[in-house]
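Novice: Model the structure of this input:
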Amino acid sequence: MSAKLRDAGRRGSAGFTLIEVLAATAMFAVLVGALYPVFHTAMRMREKAADVMEETLPRHYAAEVMKRDLRQVVAPVGILAGAFIGEKEEDGTCRRDRLEFHTASGAVGSKEPRGDVQRVAYYLAESPVSVSENKATENTEAYELVRAVTRNLLASTEEDPKEERLLKGVLSLAFAYYDGEVWQDSWDSTTVENETPAAVRARIEFAPAAGNGREASPIEMVVLPIAAKALTTEEDNE
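Specialist: Numbers count the residues shown, from 1 in each chain. Have a look, this model is predicted:
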């Protein structure tokens, strides 16, 4: 009995045979080969999701800021008020519109004890980065969406507006203004009895992203109602 146990012990201590090692290696290679495509696909999906998130968040933010400003437009008369001016500018097939108005969307902070009425302008501006350094888009004519804000409307000297660049790679910025019957491409409250439009439509188009040539979906929004309306002399007397 003891001899049999010794023989079994010697066979057990001898280790694996070459065939067993090769078989295990082959099985491991097959398993790794099967898992690699899954891992590679998961990494690509993660990178794609991160790219989409990085692209989408600034656009959502810009859209919400623009909606907030337009929803709180103030009547274009009074001490802290000013004209509602929408200018149409065309550059070939693209639009480079400019919109300026007064809005009550300014936040009142303890460090800057000023009113909530501010003058806001939206327009496109060239990127301060040179074309050779800017690899965000394939189109060298892409611009940046700028929101220029003037907070202190009672300053003795005109202040330079504070610019906030909301979006990069913008190809076209177009506004339309609803007068109650039709949409117009421009608006000047000084020529329509100091009235603001009943609604504003905005469309922002983007240049194709570099590398993949994928066209980004445009931002389209209609903000209504814009209820600000100047009081007439008869309404003032009432």
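
Novice: so how far is Ala198 from Pro58?
Specialist: Computed with C-beta to C-beta, to the nearest Å, the distance linking Pro58 and Ala198 is 29 Å. (Each C-beta comes from the backbone N, C-alpha and C, glycine too.)

Novice: Please read the previous query as pertaining to Glu89.
Specialist: Distance of Glu89 to Ala198, given as C-beta to C-beta: 23 Å.

Novice: Show me the shaky parts of the protein.
Specialist: Where the chain drops to pLDDT under 70, the residues are 1-15, 39-40, 46-55, 107-115, 129-141, 210-214, 225-238.

Novice: Show me the residue at the heart of it, geometrically.
Specialist: By C-alpha atoms, centre = their mean, the mean C-alpha position of the chain lies nearest to Arg59, the distance being 1.6 Å.

Novice: that's a strand at that residue, yeah?
Specialist: No: per DSSP: H, G, I helix; E, B strand; the rest coil, Arg59 lies outside any strand segment and is helix.

Novice: residue contacts, it?
Specialist: By C-beta atoms under 8 Å, 6 or more residues apart in numbering, the contact list for Arg59 reads Leu167, Ile219.

Novice: partners of Tyr123 in the sheet?
Specialist: Counting by DSSP bridges, Tyr123 forms beta bridges with Val146.

Novice: same question, Glu205
Specialist: For Glu205, the beta-bridge partners are Ser172 (DSSP bridges).

Novice: Isn't it up against Cys94?
Specialist: Yes: counting by C-beta atoms under 8 Å, Glu205 sits close enough to Cys94 to count as a contact (7.5 Å).

Novice: which residues do the two both contact?
Specialist: Counting by C-beta under 8 Å, 6+ apart, the residues touching both Glu205 and Cys94 are Leu171, Ser172.

Novice: Counting neighbours, what do you get for Ala176?
Specialist: Burial measure for Ala176: 20 neighbouring residues, criterion other C-beta atoms under 10 Å.

Novice: who's in contact with it?
Specialist: With contact taken as C-beta under 8 Å, 6+ apart, Ala176 is in contact with Trp183, Gln184, Asp185, Val200, Arg201, Ala202.

Novice: can we see that at 6 Å?
Specialist: Trp183, Arg201 (C-beta atoms under 6 Å, 6 or more residues apart in numbering).

Novice: which is the next helix or strand following the helix or strand in which it is found?
Specialist: Here Ala176, judged by DSSP states H and E, is contained in strand 162-178. Counting by DSSP H and E, the element after strand 162-178 in chain order, helix or strand, is strand 183-184.

Novice: coming back round to it: against Asp116, how distant is the residue nearest to the centre of the chain?
Specialist: Shown here: Arg59 relative to Asp116, a distance of 26 Å by C-beta to C-beta.

Novice: go on, Glu144?
Specialist: Glu144 sits at a distance of 27 Å from Asp116 (criterion: C-beta to C-beta).

Novice: More neighbours: those two, which one.
Specialist: A count of neighbours by other C-beta under 10 Å puts Glu144 above the other of Glu144 and Asp116, at 19 against 14.
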